[in-house]
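Participant: Sharing a model prediction with you, sequence too.
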Amino acid sequence: MNLTTNTTLFDRLGEPARMRHLAAYDLFHPELRDHLDRIATRSAQRLQAPVSMASILLDSAQLIIGRHGLPDTGDELQGTPAEWAMCTHTVLAAAPFLLTDNTADPRHADNPLLAVTGLRSYAGVPLIDGSGHVLGAHCVLDATPRHFTEENIDVLNQGAAEIMQILDRHRLP
C-alpha cells in the first residue's frame, strides 16, 4: 500500500465522530476479554475455523479484543497495522467481507500478516453501534481456501450482536 492510500485509509478510519464513539468504550475492562473470547471460541467452533476474533479498528491499527486460535500474550490487547487487517475491509464497507483465498486475490496476495500466519480465507461482519458507527468486526479465518455461506454469515452476525451488547455494558460513564 502506498503513502497516499495509507493516508486515505487513516482519514477514513480516523473520522472524528467515529473515534469519539470508540473512546466511549472501556476496552481494557478486566471482564471484557473473557466474554469476547467465549464468543470468538463459539463462532470458531460453529464454523469449524481455526481462528476467530472480535476487533476494533482505530485510525492506524486493529485491536484484537476477543480471540480464539491466536497466541495468548496476557491481558493486554494485541493488534496489527490497519493496512494489513482484513477487518479493515469489513469496517470500511460497513458490510460483510469475504475472502475465499488470499493467494488468488491480487489485493491480498502480498499481505504480510497472511503470509506469516498462513491464513488464507476470511469472513467478517461489522460491529455497528447504536448510532450507526462501525467500530470493528467479528470474523473467522482459515488456513485453507474456503467459500463462506449465508449461514456462516448469520453465525457471525449473531456473534456480532452479542459482542455489541457486551461492549454497550462497558461504556464509560
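Facilitator: Everything's here; your move. Numbers count the residues shown, from 1 in each chain.

Participant: Near H133, how many residues? Count them for me, please.
Facilitator: H133 sits with 18 neighbouring residues when counted by other C-beta atoms under 10 Å. Glycine gets a C-beta too; all of them are placed from N, C-alpha and C.

Participant: So it versus L127, what's the distance?
Facilitator: 9 Å (C-beta to C-beta, to the nearest Å).

Participant: Go through the biggest helix by length in the chain and flag the buried ones.
Facilitator: If you go by DSSP state H, the chain has its longest helix at helix 150-169. Neighbour counts over helix 150-169 (16 or more other C-beta atoms under 10 Å) mark N152, I153, V155, L156, Q158, G159, A160, E162, I163, M164, I166, L167 as buried.

Participant: Return the member of these nearest to L58.
Facilitator: Of all the buried residues of helix 150-169, the one sitting nearest L58 is L167; the distance, using C-beta to C-beta, is 14.8 Å.

Participant: ok, now how distant is the closest one from G130?
Facilitator: For L167, the distance to G130 (C-beta to C-beta) stands at 10 Å.

Participant: what residues are up against the residue lying closest to L119 once chain neighbours are set aside?
Facilitator: Using C-beta to C-beta, 6 or more residues apart in numbering and skipping the chain neighbours, the partner closest in space to L119 is L141 (4.4 Å). By C-beta atoms under 8 Å, 6 or more residues apart in numbering, the contact list for L141 reads A49, P50, V51, S52, M53, M86, T117, L119, S121, Y122.

Participant: Skipping adjacent residues, who's closest to the second one in space?
Facilitator: In this case it means P50. Closest residue to P50 apart from its sequence neighbours, by C-beta to C-beta, 6+ apart: G69 at 4.8 Å.

Participant: partners of the strand or helix carrying G136, with directions?
Facilitator: Assessed by DSSP states H and E, G136 sits inside strand 134-142. When pairing is defined by DSSP bridges, strand 134-142 lines up against strand 51-57 (antiparallel), strand 121-128 (antiparallel).

Participant: Export the ones you listed as CSV, with columns for mean pLDDT and mean neighbour count.
Facilitator: Listed next are those as CSV, based on pLDDT from 0 to 100; neighbours: other C-beta atoms under 10 Å:
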stretch, mean pLDDT, mean neighbour count
strand 51-57, 96, 27
strand 121-128, 97, 25
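
Participant: Thanks a lot, catch you later.
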